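K.L.:
Starting from these lines, generate the structure:
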Amino acid sequence: QVQLVQTGTGLVQAGGSLRLSCAASTRTFSSYTMGWFRQAPGKEREFVATITWGGARSFYADSVKGRFTISRDNAKNTVYLQMNSLNPEDTAVYYCAATVSTKVPNTRAIDYDYWGQGTQVTISS
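P.N.:
Coordinates of the predicted model:
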């Protein structure tokens, strides 16, 4: 069982930046593909970004490409989501997730095995 604990939340003005962190409680963190998803009120959970187990490859939803960056530090068992140029459409609860699947890229929420508790991100206009 892997526990994912997210940190980093808040209210940010449009155009601002925010970094989310997600720490995993596993000695085999480098074996997991990590992803970030988000869910806005009344909408389905959607893919945001994913990074392969070694960190060599990352993939993004078109809506965040060029603005968000996913990264990981396997020595710290942590994955990050740096979010820049935020706009109100980015307002959502953000979730980190982990999967042992080696599919690349892995953009489907159903393929992820473990989930963080969720972090509210609110962007004001």
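K.L.:
residues in contact with stretch 43-55?
P.N.:
Stretch 43-55 is contacted from outside by 30-39, 57-61, 64, 68-72, 74, 79, 81, 92, 94-95, 102, 104-109, using CB atoms under 8 Å, 6 or more residues apart in numbering. For every residue, glycine as well, the C-beta is placed using N, CA and C.
K.L.:
can you rerun that using 6 Å?
P.N.:
With CB atoms under 6 Å, 6 or more residues apart in numbering as the test, stretch 43-55 has contacts from 30-39, 58-61, 64, 68, 70, 72, 105-107, 109.
K.L.:
in the protein, which helix or strand is least confident?
P.N.:
Sorting the helices and strands of the chain by mean pLDDT, DSSP states H and E puts strand 10-13 at the bottom, at a mean of 89.
K.L.:
Paired strands for it, with orientation please.
P.N.:
strand 119-124 (parallel) (DSSP bridges).
K.L.:
hey, C-alpha coordinates of the strand it pairs with in CSV?
P.N.:
Coordinates of each C-alpha in strand 119-124 appear next as CSV, following Å, rounded to 0.1, in the frame of the first residue of the first chain:
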residue,chain,number,x,y,z
THR,A,119,-5.6,19.9,-2.9
GLN,A,120,-7.9,22.8,-3.6
VAL,A,121,-6.5,25.3,-6.0
THR,A,122,-8.5,28.5,-6.6
ILE,A,123,-7.6,31.1,-9.1
SER,A,124,-9.2,34.5,-8.8
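K.L.:
Enumerate the positions of that strand that are buried.
P.N.:
Thr119, Val121, Ile123 (16 or more other CB atoms under 10 Å).
K.L.:
buried subset of the contacts of stretch 43-55?
P.N.:
By 16+ other CB under 10 Å, the contacts of stretch 43-55 give 32-38, 58-61, 64, 68, 70, 72, 105-107, 109 as buried.
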